[in-house]
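J.: take a look and give me a structure for this.
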Amino acid sequence: MRRLGICILVVALTLGVVASALATGKQIVCYSAHASNLCPFWGEYYSGMRFQTSIEQSRIRYGGAINEVEFYNIHGANGRYNNYVVHLCHTDRASLSTTFGVNYYGTPVQVAKWAAFAIPGARGWFGLKMTRRFTYDNVRHLLIEIRWEGDNGVSVPIFTNNPLSGYRRIWAVNNPNAPTGRGDGRAYYNPPELRCLRRL
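T.: Here you go, the predicted model:
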């Protein structure tokens, strides 16, 4: 089984542990890699994007502070995305709505922002380190939202999982503030994978 896709580093609040998860964390693999997709790094064809993906609580099974989100760069593409913003939020929707705002449970937390976010031109993991804490409650599903506008014309394929039931990701192109988008996960592509690392 390939352990590829999105990686989320979770620090246990109940243990009072501060983040250093890669060295001592336990890896929780939620999905296995079966395909690739360009969302949310579709710079070759579009000038901006608003993107949401949900991760089921049953796939995470652990509460705590999320301090990093990582993706797996399949081919080593060196994309650069401007006005890059990452939000985390809870969601109580098993299948996402194509209206972005409907998917929030509570207020989304802006956890990272870059004037220009550069993805290293190397195959492997690259991280979105959080500059603000988001605490996952391990009760609802996790919602990840990414927005960017302006790029260097390069797309970065990442690994995805087999299609799952319902809409597990929503996206809109050329407008990072679009109120609605397209969804899939039922019969087309599928959400990025997740692995969690936690301190024991």
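
J.: and the residue most central in space within the chain, what element?
T.: Geometric centre of the chain, nearest residue: residue 144, 4.9 Å, by C-alpha atoms, centre = their mean. Residue 144 belongs to strand 141-149 when assigned by DSSP states H and E.

J.: ok so, going back, against residue 78, how distant is the residue nearest to the centre of the chain?
T.: Noted for residue 144: a distance of 22 Å to residue 78, by C-beta to C-beta, to the nearest Å. Every residue, glycine included, has its C-beta placed from N, CA and C.

J.: quick one: secondary structure of residue 120?
T.: coil (DSSP: H, G, I helix; E, B strand; the rest coil).

J.: give the contact list for it.
T.: Listed by C-beta atoms under 8 Å, 6 or more residues apart in numbering, the contact set of residue 120 reads 73, 78, 126.

J.: switch to 10 Å and redo it
T.: 73, 76-79, 126-127 (C-beta atoms under 10 Å, 6 or more residues apart in numbering).

J.: residue 171 too?
T.: Contacts of residue 171 (C-beta under 10 Å, 6+ apart): 38-40, 42, 46, 49-53, 98, 100, 146, 178, 181-184, 189.

J.: can you confirm it is in a strand?
T.: Yes - membership of residue 171 in a strand is supported by three-state DSSP.

J.: state the distance from it to residue 40.
T.: For residue 171, the distance to residue 40 - C-beta to C-beta - is 7 Å.

J.: what do the two both touch?
T.: Common neighbours of residue 171 and residue 40 (C-beta under 10 Å, 6+ apart) are 49-53, 146.

J.: so which of the residues you listed comes closest to residue 106?
T.: residue 52 (14.6 Å; C-beta to C-beta).

J.: so that closest one sits against residue 145, correct?
T.: Yes - with contact defined as C-beta atoms under 10 Å, residue 52 counts as touching residue 145 (4.8 Å).

J.: out of the contacts of residue 120, grab the one that's most surrounded.
T.: Greatest neighbour count in the contacts of residue 120, by other C-beta atoms under 10 Å, goes to residue 79: 24 neighbours.

J.: in contact with that one, which residues?
T.: By C-beta under 10 Å, 6+ apart, the contact set of residue 79 is 38, 41-44, 73, 117-121, 126, 148, 151-157.

J.: from those, which land in helices?
T.: Counting by DSSP state H, none of the members of the contacts of residue 79 fall within helices.

J.: narrow the residues you listed to those in strands?
T.: Among the contacts of residue 79, the ones falling in strands (DSSP state E) are 73, 117-118, 126, 148.
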